[in-house]
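Colleague: Quick one, what's the 3D model for this:
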Amino acid sequence: MNKQFLVKRHLNQCVNVEKFVKPRQFLKHTGKTQLKPATLAVLVQCSVLIIVLAFFRSVHTIAAVSFSILDMVLMQALLAAIVSYFVGMARWWRWLHLSFPIAIWGMSDWQLPNEFYLAGFIISLSFFWTTFRSQVPFFPSRPVVWKQVAKLMPKDKPVRLIDIGSGLGGMPMYIAKIRPDSTIEGIEIAPLPWLVSFVRGQFCRSHAIFKLGDYRSLDFANYDVIFAYLSPAAMLVLWEKACQEMKSGSLLISLEFEIPGVSPNMRIVGNKHSPMLYVWRI
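Modeller: Numbers count the residues shown, from 1 in each chain. Model (predicted):
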């Protein structure tokens, strides 16, 4: 059989077979180009800065009232967080908008040495250097999530699982410990978290395997369970790859983020320490 035909048939099965995943109507393309979240964040901060400067200048001119730099910084931080909410940015972006102006003001006021900024830049780059391209920031999961994922794994046979964006390696190491019969892997694109996970694995003598790289280079057909804690911007790409490559009966698990237009087979409600888990059986 032609390989291209098999790929198309598997894609149709992922989308159309009702007993597994019954998709809702996919979002229609409006033809408008959506800004990348990082670009939108810059525009939000710059726009709010112009508004804040204009506001304080007007008040000073009309009422002859003077304001401190801290007043301007706090207004900038609060207004940027509010604007990011109304333009539909993810929740974690709101916290970044809120903290960014305050952090800039604090570092400027404290007159820290240049070496401090260089070290901070290198550490941040190691964690987030691919965020602009992949739209996936550093999102660590919690032990309560690891336990839920372990419960979802088939118990009657060895399983090959991969954690996409494995961060510091907590979940792969936990599952590798309780499922020694299975092959547990993690892949991380940011070098510093990958290095930490690799060293932790060696130190703890875990049989979890940690890879440095982009999950898009993987062949999903090699895995029975795929866990992802990515971002809304990456979910459709993840779903397309899963439909093309994942085997029938395998599980795709996403923490917090749904696939637009595709109903999951299962929703596992989280608690105050964990968001919801979404499970699709291919």
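Colleague: Okay, C46 and L236: tell me how far apart.
Modeller: 29 Å (Cβ to Cβ, to the nearest Å). C-beta: built from backbone N, CA, C; applies to glycine.
Colleague: Of those two, give the one with the bigger neighbour count.
Modeller: Applying other Cβ atoms under 10 Å to C46 and L236 shows that L236 carries more neighbours, namely 15 against 11.
Colleague: Nearest residue to the more buried one in space, please, no chain neighbours.
Modeller: Spatial nearest neighbour of L236, excluding adjacent residues (Cβ to Cβ, 6 or more residues apart in numbering): P260 at 6.2 Å.
Colleague: Just confirm that neighbour contacts A234, I think it does.
Modeller: No: P260 lies out of contact with A234 (Cβ atoms under 8 Å); the separation is 11.4 Å.
Colleague: Those two: who's more crowded?
Modeller: Using other Cβ under 10 Å as the criterion, P260 and A234 rank with A234 on top: 19 against 13.
Colleague: where does the more buried one land in three-state SS?
Modeller: What DSSP: H, G, I helix; E, B strand; the rest coil gives for A234 is helix.
Colleague: how about the residue positioned nearest the centre of the chain, secondary structure?
Modeller: In the chain, the centroid-proximal residue (Cα atoms, centre = their mean) is L230; its distance is 2.8 Å. Three-state call for L230 (three-state DSSP): coil.
Colleague: which stretch of helix or strand covers D163?
Modeller: Secondary structure assignment for D163, by DSSP states H and E: strand 160-164.
Colleague: Quick one: list the elements packing against that strand.
Modeller: Helices and strands touching strand 160-164, by 3 or more Cβ pairs under 8 Å, 6 or more residues apart in numbering; DSSP states H and E, are helix 170-178, strand 183-188, strand 225-228.
Colleague: can you pull out the helices in the stretch 1-150 of the chain?
Modeller: 3-16, 37-63, 69-86, 91-110, 114-128, 131-134, 143-152 (DSSP state H, counting those that start in this stretch).
Colleague: shaky segments in the stretch 101-250 of the chain?
Modeller: 107-140 (pLDDT under 70).
Colleague: who's in contact with the strand holding D163?
Modeller: By Cβ atoms under 8 Å, 6 or more residues apart in numbering, the surrounding residues in contact with strand 160-164 are 149, 153, 171-172, 175, 182-187, 215, 218, 222-230, 238.
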